[in-house]
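Colleague: Build me a model:
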Amino acid sequence: MTETSRTSTQERESSDSRNETFGKVSETLSDAKSGVQDRVVSGADAGLDKTADGLESAAEKLRSRTDGEDGVKSAVQGKAADAMEKTAGYLKEHDSKELMHDLEEFVKAHPIQAAVGALAAGYVIGKIAR
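Modeller: This is a model prediction of the structure:
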């Protein structure tokens, strides 16, 4: 075997070894990424369940305050409680991926309303954070 062919063989073996190592590292990183994504989605879904429970509880308390009352205040509180229960039901029926898809579709269909809603939410969160 000549010196050139021996060097060429060593370079190929070294290259194959690097490619194999790179493949293993890439696979390990991909597995880790998948695990992190699963934990994030699981945490988000748990948060949605807690939010839904909180909305149901708030709706129940709002309804108990207006039991037996008539008038505009009672009607508004009843409608607010209905909206809370409807939202809670939606959150319980859908997972975080579906929620994000629906949100994206809403923003595409109604960009002005989405921007106004985002500004309002930012304002409220800013006031609460102070």
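
Colleague: Now do the domain split for the protein, please.
Modeller: 3-93, 96-130 (automatic domain parsing).

Colleague: need the ones you listed in a markdown table with mean neighbour count and mean pLDDT, can you?
Modeller: C-betas here are computed from N, CA, C, even on glycine. A markdown table is the format used below for the domains of the chain (neighbours: other CB atoms under 10 Å; pLDDT from 0 to 100):
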| stretch | mean neighbour count | mean pLDDT |
| --- | --- | --- |
| domain 3-93 | 12 | 77 |
| domain 96-130 | 11 | 90 |
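
Colleague: Does A120 lie in a helix or a strand, and which?
Modeller: helix 111-129 (DSSP states H and E).

Colleague: what does A81 give?
Modeller: With DSSP H and E as the test, A81 turns up in helix 72-93.

Colleague: gap between that helix and the chain center?
Modeller: Mean-position distance between helix 72-93 and its chain equals 23 Å (CA atoms, centre = their mean, to the nearest Å).
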